[in-house]
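# Model the structure of this input:
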Amino acid sequence: MSLKIGVVMDPIGNINFKKDSTLAMLLEAQSRGWTLFYMEQADLYMAHDVARAQMKPLKVFNNANNWYQLDSAEDQTLNSLDAILMRKDPPFNMDYIYSTYILEKAEEKGTLIINKPQSLRDANEKLFTNNFPQCMPATLVSSQAKHIKTFYQEHKDIILKPLDGMGGASVFRIKPGDSNLGVIIETLTKHGTTLAMVQRFIPEIKQGDKRILLINGEPIPYALARIPAKGETRANLAAGGEGVGIELTDRDRWICEQVAPLLKAKGLIFVGIDVIGDYLTEVNVTSPTCIRELDKQFNINISAVLMDWIMNQIKKHRSH
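Purely as a prediction, here's the structure:
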């Protein structure tokens with residue numbers, strides 16, 4: 001079964017070859033004889049009510065010095081593709097939202113979009129955790145200093161982070177007696193005009209911030225525990241954390257069972273949840289990573305599971 005697969009991503013020449021999950025997906029798709037087309041966000045456009053793009057035929061290589069080849073751009077309708085991987089990294093800004101509207105037009109014409117455009121808009125990666133209060137640490141979302149200070153007085157040791165961040169950017173830990181609370185609140189909330197997330201600090205971060213990947217609600221049986229560097233609160237690999245592969249615990253699997261039905265209902269097919277200790281802290285839906293690290297440590301092929309799912313969905317669609 002030969003498929004045409006598009007990808008919307010950041011410039012492919014700038015990716016981290018060793019760690020890029022999108023590249024892992026593309027290598028697997030190409031290994032099946034599928035045809036690849038590359039797009040950046042600016043290549044998407046709408047002509048009347050038809051979603052189109054300047055898309056470039058793409059070949060990928062498992063070669064650290066030469067991992068891609070692009071041919072000349074072709075102007076095509078998005079619904080000429082069987083499936084599109086939306087893998088544009090945050091920031092989740094208005095341009096990103098406009099792109100989801102264009103992708104939604106292609107979805108209406110039968111193209112499978114991973115992840116579903118409407119759900120990319122609906123599922124803020126921080127706020128979405130509030131759908132699973134049974135899994136969360138104590139959490140507050142507010143722009144108001146008085147609410148945040150009350151939360152701090154109650155919990156003494158807290159984490160503050162922006163709702164639109166990634167890679168550990170602008171994540172602050174406020175310990176008991178910290179005199180910087182006021183200025184950090186002003187900075188994160190832009191003087192009370194922007195919402196921020198506040199959570200009770202979870203000491204188990206020392207054992208790692210676990211990234212668990214789910215494909216259509218089914219967890220990969222291993223997580224990547226991102227261990228903070230010495231003297232660092234943030235465990236993100238982008239902030240210097242070390243990734244150590246571990247098997248899922250019973251609690252991890254229970255959390256996956258809690259989130260899976262809503263993920264499936266919303267068409268959030270490839271998702272990375274973050275778990276610290278016993279608690280769900282984020283649900284990453286835009287461009288989750290850690291495929292290559294887990295593949296390497298456990299000799300598995302996570303992208304193959306995703307591509308099998310995509311192929312089966314397209315078979316079902318064609319049979320109807």
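# could you measure residue 280 against residue 56, distance?
According to C-beta to C-beta, to the nearest Å, residue 280 and residue 56 sit 38 Å apart. Where you see a C-beta, it was placed from the backbone N, CA and C, and this is true even at glycine.
# quick one: which of the two has more around it?
Using other C-beta atoms under 10 Å, the more surrounded residue of residue 280 and residue 56 is residue 280, with 24 against 19.
# Look up which residues are beta-bridged to the more buried one.
In this entry, residue 280 is beta-bridged to residue 275, by DSSP bridges.
# mind checking pLDDT for it?
As predicted, residue 280 sits at a pLDDT of 97.
# My read is that it contacts residue 271, right?
No. The criterion here is C-beta atoms under 8 Å, and residue 280 misses it with residue 271 at 11.7 Å.
# starting at the chain centroid, how far to stretch 294-313?
Averaging C-alpha positions (C-alpha atoms, centre = their mean, to the nearest Å) puts stretch 294-313 16 Å from its chain's average.
# what residues does it touch?
1, 3, 5, 24-25, 27-29, 32, 83, 112, 114, 213, 215-216, 220, 222-224, 245, 269-270, 291 (C-beta atoms under 8 Å, 6 or more residues apart in numbering).
# Average pLDDT for stretch 313-320, rounded please.
Stretch 313-320 comes out at a mean pLDDT of 87.
# List the buried residues in it.
Buried residues in stretch 313-320, defined by neighbour count with 16 or more other C-beta atoms under 10 Å: 313-314.
# Likewise for stretch 176-194?
For stretch 176-194, using 16+ other C-beta under 10 Å, the buried residues are 181, 184-185, 187-189.
# Need the contact partners of that stretch.
With C-beta under 8 Å, 6+ apart, stretch 176-194 has contacts from 142-145, 148-149, 152, 156-157, 160-162, 170, 172, 174, 195-196.
# domain ranges for this structure?
4-123+305-319, 138-201, 204-284 (automatic domain parsing).
# Among those domains, which comes closest to residue 129?
domain 204-284 (5.6 Å; C-beta to C-beta).
# what's the offset of the closest one from the middle of its chain?
Worked out by C-alpha atoms, centre = their mean, domain 204-284 lies 11 Å from the chain centre.
# end-to-end on it?
Terminal residues of domain 204-284 lie 20 Å apart, using C-alpha to C-alpha, to the nearest Å.
# Please apply the same query to stretch 275-290.
Start-to-end, stretch 275-290 (C-alpha to C-alpha) is 14 Å.
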